[in-house]
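S.K.: Generate a structure from the sequence data that follows.
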Amino acid sequence: MTGSVYSVGQVNAYIKNMFAQDFMMNRIWVSGEVSNCKYHSSGHIYFTLKDVSGVLSAVMFAGSRKKGLAFPMKAGDRVIAFGSIRVYERDGRYQLYAEQILLQGAGLLYQKYEALKRELEEMGMFSPEYKQPVPKYASRIGVVTAPTGAAVQDIRNISHRRNPFVQLVLYPAQVQGDGAAVSIVNGIRALETRGVDVIIVGRGGGSIEDLWAFNEEIVARAIFDCSVPIISAVGHETDTTIADYVADLRAPTPSAAAELAVFDIRRLLEQVDAARLALNRAVSDRLEQTEARIRQYELRLQVLNPKNRLLENRQAAADFQERLQNRMEQLITEKRHRLQLYAAALDADSPLKKLQSGYAYLAKADGRRLRGTADLVPGDRVRAYMLDGSFSAVVDEVEMADVLSSQSG
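M.R.: Reported below is the predicted structural model:
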């Protein structure tokens with residue numbers, strides 16, 4: 001035996017590395033019929049792609065399903081799957097790790113639709129700041145659609161029902177097949193020059209192939225560049241086209257577009273009637289309030305009449321004068337009584353009264369009042385004041401009495 005010997009794991013790892021380095025295997029589109037489609041509880045999908053020449057195992061992980069799969073895939077579906085082919089080392093087999101799965105036929109168109117949508121979105125053509133407001137009271141409405149079919153008839157019926165005074169200007173456009181996109185663009189530009197207030201661009205429902213004209217870039221740019229507000233009304237509510245993203249307003253159906261573009265005159269008349277009733281009620285209420293206010297003013301004027309005020313002030317002055325006089329008499333009486341009390345107290349303490357009783361007032365020669373024997377010494381000259389005169393004397397002897405002992409005894 002010559003040459004090196006490799007383990008199964010080494011061989012599988014080598015083959016896995018070969019697949020990983022192959023650019024084609026990392027970004028590949030594969031078409032085929034789905035078989036053995038199994039949805040795992042973890043969210044992963046395991047399936048097989050087959051055609052007349054062979055089969056290819058495939059898996060789509062749960063993380064890729066949200067963005068990469070837009071329909072419930074089942075066995076028998078013809079699909080185109082995008083992803084990478086790698087080797088699963090444990091089983092030693094290769095399989096497709098799908099990141100995006102499209103239905104074949106419509107899938108290719110959908111891929112083209114998504115690419116144009118991303119491109120226009122990156123250019124800012126879907127941005128809200130570029131959306132024009134749709135006028136509330138449009139009088140001339142342009143319509144770009146097929147001259148026959150349910151769409152134009154629905155728009156006519158609803159417009160007449162909501163407001164028979166609105167003028168519809170129809171541009172009979174081709175809305176399906178070769179040349180449809182150019183026809184729609186011509187219709188938008190023609191109605192823009194007719195001075196309409198708003199333009200409805202749309203058609204009835206159909207497959208993605210039927211609606212494809214509204215996914216063309218020239219239609220999107222014509223809608224974006226139009227100076228007149230455009231309402232897109234393509235297909236049914238579940239259908240969404242590039243025109244819906246670019247338009248100033250999207251309506252789910254042509255009928256809904258007519259509802260949005262044409263103001264309901266019956267509603268306007270109801271609002272006018274309601275406003276008239278509200279105005280009459282407001283005027284009546286205002287008159288009643290004004291009359292009540294006038295009556296209040298009359299009462300206030302009577303109360304504030306200068307004559308009444310003068311009478312009230314005169315009465316108040318008389319009352320005040322009477323209170324003042326009473327208060328003065330009361331104060332005089334109180335003061336006279338208090339004066340009598342003070343006179344009696346002064347009379348009781350009057351020195352003259354004491355002198356009349358035989359008492360004398362003694363003072364030293366310098367005029368200072370004698371308070372007691374302690375202020376005297378033998379030889380001092382004193383003066384005695386009596387009621388009818390005074391005399392002087394010389395102190396011969398001073399004898400101090402024991403006041404405390406006599407009081408206690």
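S.K.: going forward, measure contacts and count neighbours with C-alpha atoms only.
M.R.: Noted.
S.K.: The residue lying closest to residue 245 once chain neighbours are set aside: neighbour count?
M.R.: If the residues on either side of it in the chain are set aside, residue 245 comes closest to residue 126, at 5.7 Å by CA to CA, 6 or more residues apart in numbering. Around residue 126 sit 20 other residues, with neighbours defined as other CA atoms under 10 Å.
S.K.: what about residue 126, distance to residue 250?
M.R.: Here residue 126 is placed at a distance of 12 Å from residue 250 (CA to CA, to the nearest Å).
S.K.: ok, residue 226 - contacts?
M.R.: Shown in contact with residue 226 (CA atoms under 8 Å, 6 or more residues apart in numbering): 188, 189, 192.
S.K.: Okay, strands next: where are they in the protein?
M.R.: Secondary structure of the chain by DSSP state E: the strands cover 28-39, 45-51, 54-60, 78-88, 93-103, 140-145, 167-172, 198-203, 230-234, 249-250, 361-364, 381-386, 389-394.
S.K.: Buried residues, the longest one. List them.
M.R.: In terms of neighbour count (16 or more other CA atoms under 10 Å), strand 28-39 has its buried residues at 29, 30, 31, 32, 33, 34, 35, 37.
S.K.: what's in contact with that strand?
M.R.: Residues from elsewhere that reach strand 28-39 (CA under 8 Å, 6+ apart): 45-51, 73-85, 104.
S.K.: Would you map the helices across the stretch 101-250 of the chain?
M.R.: Taking DSSP state H, counting those that start in this stretch, the helices of the stretch 101-250 of the chain run over residues 106-122, 150-162, 180-192, 217-225, 242-246.
S.K.: Please identify the deepest-packed of those helices.
M.R.: Of all those, helix 242-246 has the most neighbours on average by mean count of other CA atoms under 10 Å, namely a mean of 25.
S.K.: elements contacting it?
M.R.: Using 3 or more CA pairs under 8 Å, 6 or more residues apart in numbering; DSSP states H and E as the contact criterion, the neighbours of helix 242-246 among helices and strands are helix 217-225, strand 230-234.
S.K.: Sheet-wise, list the partners of the last one with their directions.
M.R.: So that's strand 230-234. Partners of strand 230-234 in the sheet, by DSSP bridges, are strand 198-203 (parallel), strand 249-250 (parallel).
S.K.: For the shortest one, the averaged confidence score.
M.R.: Same thing as strand 249-250. Strand 249-250 shows a mean pLDDT of 95.
S.K.: And for the first one?
M.R.: Averaging pLDDT along strand 198-203 gives 96.
S.K.: which one of the helices and strands packed on helix 242-246 lies closest to residue 138?
M.R.: Distances from residue 138 to each of the helices and strands packed on helix 242-246 were compared using CA to CA; the minimum, 12.4 Å, belongs to strand 230-234.
S.K.: what angle separates that closest one from strand 140-145?
M.R.: For strand 230-234 against strand 140-145, the angle between stretch directions is 30 degrees (axes from the mean of the first three to the mean of the last three CA atoms, to 10 degrees).
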